[in-house]
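> sequence unknown, structure follows:
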């Protein structure tokens with residue numbers, strides 16, 4: 001079964017000083033399931049990498065994605081609509097739009113596992129296709 005990847009996980013892979021970096025790298029080294037990177041996640045992580053580390057981190061990250069040929073999943077208009085529905089369903093939680101897009105993708109693709117270190121939003125969400133999302137690593 002495929003695993004959707006959040007930007008917090010990808011950022012940790014690239015920032016050697018990040019406290020979750022080694023955990024992320026160990027997980028990538030031992031995981032046998034295919035990863036799927038949502039397009040919105042790619043945009044978010046490149047933005048954060050450029051501002052926190054620099055342009056060289058962005059190019060290294062993109063090179064890694066291309067070398068590993070990790071599939072990129074586009075966000076459809078129906079996913080954006082579902083993300084909005086999720087945000088409105090949990091108004092007091094102030095859920096992040098990118099996280100809600102990942103939640104919507106999990107439902108559309110029938111994926112139950114998410115790689116993330118940003119657990120709060122994903123723990124709140126109750127998906128329609130399973131009881132809960134398994135948060136990795």
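Ah, there it is. Every value quoted in this text rests on a predicted model; they were computed, and no experiment measured them. Numbering: from 1, shown residues only.
> C-alpha only now, for contacts and for neighbours.
Fine.
> mind listing what the host helix or strand of residue 36 pairs with, with the direction of each?
Element membership for residue 36, per DSSP states H and E: strand 35-38. Paired strands of strand 35-38, with direction, are strand 3-5 (parallel), strand 72-73 (parallel) (DSSP bridges).
> tell me the mean pLDDT for that strand?
For strand 35-38, mean pLDDT is 96.
> contacts for that strand?
Identification of contacts with strand 35-38 by CA atoms under 8 Å, 6 or more residues apart in numbering yields 2-6, 70-75, 102, 105.
> ok, so of those, who is nearest residue 45?
Nearest to residue 45 among the contacts of strand 35-38: residue 6, at 8.8 Å, using CA to CA.
> show me what contacts the residue nearest to that closest one when sequence neighbours are not counted?
The shortest distance from residue 6 to any non-neighbouring residue, by CA to CA, 6 or more residues apart in numbering, is to residue 116 (5.2 Å). Listed by CA under 8 Å, 6+ apart, the contact set of residue 116 reads 5, 6, 7, 8, 9, 135, 136, 137.
> so which of those belong to helices?
Among the contacts of residue 116, the ones falling in helices (DSSP state H) are 7, 8, 9.
> who wins on neighbours among these?
For those, the largest neighbour count, defined by other CA atoms under 10 Å, is 24 neighbours, found at residue 7.
> report the contact partners of that one.
Contacts of residue 7 by CA under 8 Å, 6+ apart are 41, 42, 44, 45, 116.
> for residue 134, see how far away it is.
16 Å (CA to CA, to the nearest Å).
> still on that earlier bit, quick one: the contacts of residue 7 as CSV, columns for pLDDT and distance to residue 88 too.
As requested, the contacts of residue 7 are exported to CSV (pLDDT from 0 to 100; distance: CA to CA, whole Å):
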residue, pLDDT, distance to residue 88
41, 95, 21
42, 93, 24
44, 94, 22
45, 95, 25
116, 96, 22
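> out of the residues you listed, who's nearest residue 19?
Once CA to CA is applied, the member of the contacts of residue 7 that ends up nearest residue 19 is residue 116, at 13.3 Å.
> next one: that closest one from residue 81, what distance?
For residue 116, the distance to residue 81 - CA to CA - is 23 Å.
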